[in-house]
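[1] All I have is the shape, not the residue letters:
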């Protein structure tokens, strides 16, 4: 089934998004939000946040590995440039360090505080991404800023409600 495309003022096509197509993204957001509570509970039984991060990353690697085994015939990838590989490796290191820092923060602070501060990454990314990849590839719109504001507002409300 072909995706419906609608023209934009600058003649570039935009994919029409429906609620059904948004379910995976919404499910991911829900899992990410709830994971902090599970991390906090798990840290009560672990001696070190680093041990928790290690267990989590090993389990994630196993799950992704199994999924890749089943889908390996569907993945068609061309050669990877040295620059792309360098960026991917750097991103992996930074994500690992950020995950470790998040676990440490969850061990030391209330979940609501960590989540509220963590959601500040949204406006920072919106500000920096056009500078890194270019304004043509990363279009920042008022609708995007509205979504970012709602994300940060929700995290702040969570802080006051807890």
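    Structure's in. What do you need? Since the structure is predicted, the reported quantities are computational estimates derived from the model, not experimental observations.
[2] C-alpha only now, for contacts and for neighbours.
    Fine.
[3] the strands in this protein, which residues?
    Here the chain has its strands, by DSSP state E, at 5-7, 13-15.
[4] now the longest helix anywhere in the chain: mean pLDDT?
    Secondary structure of the chain per DSSP state H: the longest helix is helix 82-108. Per-residue confidence for helix 82-108 averages out to 88 on the pLDDT scale.
[5] quick one, what contacts residue 42?
    Contacts here follow CA atoms under 8 Å, 6 or more residues apart in numbering; on that basis residue 42 touches residue 52.
[6] quick one on the thing from earlier: show me which residues of the longest helix of the chain are buried.
    Along helix 82-108, these residues count as buried under the neighbour rule (16 or more other CA atoms under 10 Å): 99, 100, 102, 103, 104, 105, 106, 107.
[7] Any chance of those in CSV with distance to residue 37 as columns?
    Rendered in CSV, the data for those read as follows (distance: CA to CA, whole Å):
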residue, distance to residue 37
99, 15
100, 16
102, 12
103, 11
104, 14
105, 12
106, 9
107, 11
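[8] farthest-separated two in the residues you listed?
    99 and 107 (12.4 Å; CA to CA).
[9] pLDDT weak spots in this protein?
    1-15, 162 (pLDDT under 70).
[10] how about 50 then?
    Across the chain, the stretches falling below the confidence threshold (pLDDT under 50) are 1-3.
[11] where along it do the helices fall?
    19-43, 49-71, 82-108, 111-118, 121-133, 142-161.
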